[in-house]
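[1] one predicted model, sequence on top.
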Amino acid sequence: MKLTLTLATLATAAAAANQFNGLSYNPKQLKTGACPTVDTVRDDLSVLSKYTNQVRLYSVNDCNQGEPVLRAMENTNWKVQLGLWVSDVESVYEADKTELIRLAGIFDFKKYVSAVIVGNEAIYRKEQTSAQVAAKVRDTKAALTKLGLGDIPVTASETWPYYDATLISAVDYVNVHAFPFWEGTPIEGAQDKMFGHVYDIQKLAGSKKVVVGETGWPDAGGNYESAVPSLSNEQRYMKEFICRANLEKLDYIWFSAFDEAWKPVTNASDVETHWGILKGDKTPKFSSPMYDCQGFVPSSKPPSSSSVSSTSSKSSSTPSSHTSTSGSGRNSEPSDSDSEDSSKSETSKSSAAWSPVGAVSIAASVAALAVSALI
């Protein structure tokens, strides 16, 4: 039976199919790294609203960024994944947790907060053990539950080789990072390498939902072994990953929103300032649409990643928003500055509780049906 869809419906479906489930975002000002204000965040969100309605932060305390972001989201449909930075200094986590609790008394977390992420590649950086991070996840969950916010999913972010059973047991859903670029993978093999990691983690996770918390590809800078940064490779990886993720109903956060000139370039490769979907002046790198899933066919036999050495996943660093290299050879950042980048399935309770922009996958399917209906 033929589908009859209006042109407006087709346009809406096509636009939605080119959205992102979410974007990694450091609200620090792009050129200088100065701390954000409500106005600078509002300007950022205005630009990003064309591409998503969800961003991920890496620290609520670093540069006091939690408050201006939540303030800028008031009376909007924006969602935020709030991060608590975890390092080898315990007071850093405690300060972030204290700020999280304070913010929960001011803002409507049930409306605006889609998840809380405790730690970003702290195990990869050897600053914490999986048991220590798991304990912090449970501690944060307990704090939110006391505030009547126990339904907000709490997780931890780690690179794929370091997400073990101990950490999986503590989180509401698995938030895993993987960057084929930082494994020196040529672009031709990046799709299979990435999804090989995803499938391995899904096996470990059992009934818990797996979300890709970070993945991406730089458009400029030096090669990393056989991985070549370029605009065409960034767009190819974007299309292959997102189109396949949509088909497999895999939620993800794309790394990242903007190129950030303030980040250091002294890590494994001088690519740190080139991961955004938008340039440092907030203009798009790619013409619209950024990717097109029409006719996309995924690889059929992704290799297992279990044979890949865990040391090839990334290189280490401290929080500072990708200012130190993390498990992916990228900088780590605690708020994408000192709290984030310190580096860069089933119906379970967690998957039911959180589905950031699961509608993106549906929109992609609708768009595909719409196209077929016109043929």
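    Yep, that arrived. None of the values given here were measured: they were computed from a predicted structure. Numbers count the residues shown, from 1 in each chain.

[2] Q81: neighbour count?
    27 (other CB atoms under 10 Å). Any C-beta I mention is one placed from the backbone N, CA and C, and that applies to glycine too.

[3] which strand is the longest one in this structure?
    strand 113-120 (DSSP state E).

[4] so which elements touch it?
    Judged by 3 or more CB pairs under 8 Å, 6 or more residues apart in numbering; DSSP states H and E, strand 113-120 is in contact with strand 79-84, helix 90-104, helix 130-146, strand 154-159.

[5] spatially, what comes nearest to R42 if we skip its sequence neighbours?
    A72 (4.5 Å; CB to CB, 6 or more residues apart in numbering).

[6] does that neighbour count as helix, strand or coil?
    What DSSP: H, G, I helix; E, B strand; the rest coil gives for A72 is helix.

[7] need the contact list for it.
    38, 41-42, 45, 78 (CB atoms under 8 Å, 6 or more residues apart in numbering).

[8] residue ranges in the stretch 151-300 of the chain under the pLDDT threshold?
    266-269, 300 (pLDDT under 70).

[9] same thing but 90
    Along the stretch 151-300 of the chain, segments meeting pLDDT under 90 span 261-270, 287-289, 299-300.

[10] okay, now the nearest residue to Y163 once chain neighbours are set aside: neighbour count?
    Spatially, and ignoring its direct neighbours in sequence, Y163 is nearest to V176 (5.5 Å; CB to CB, 6+ apart). By other CB under 10 Å, 28 other residues sit near V176.

[11] show me the beta-bridge partners of V176.
    Beta-bridge partners of V176, counted by DSSP bridges, are E158, V212.

[12] dump the residue contacts of it.
    157-160, 163, 197-198, 201, 210-213.

[13] please apply the same query to R71.
    With contacts defined as CB under 8 Å, 6+ apart, the neighbours of R71 are 38, 41, 107.

[14] among those residues, which ones are in helices?
    38, 41 (DSSP state H).

[15] doesn't F258 make contact with K31?
    No: the pair K31 / F258 is not scored as a contact, 10.5 Å apart, by CB atoms under 8 Å.

[16] next one: A115 from V171, what distance?
    10 Å (CB to CB, to the nearest Å).

[17] likewise G276?
    Counting by CB to CB, the gap from G276 to V171 is 28 Å.

[18] all strands of this protein, in order?
    Counting by DSSP E, the strands of the chain are 23-24, 54-56, 79-84, 113-120, 154-159, 174-177, 210-215, 252-254, 324-325, 331-332.

[19] return the distance of the third one from the chain's centre.
    For strand 79-84, the distance from its own C-alpha centre to the chain's C-alpha centre is 10 Å (CA atoms, centre = their mean, to the nearest Å).

[20] what do you get for the second one?
    Computed by CA atoms, centre = their mean, the separation of strand 54-56 from the middle of its chain amounts to 8 Å.

[21] mind giving me the packing neighbours of that strand?
    Using 3+ CB pairs under 8 Å, 6+ apart, strand 54-56 is in contact with strand 23-24, strand 79-84.

[22] which residues does that strand contact?
    Outside strand 54-56, the residues touching it (CB under 8 Å, 6+ apart) are 21-25, 45, 48, 69, 78-81, 83, 114, 117, 213, 253, 257, 340, 356-357.
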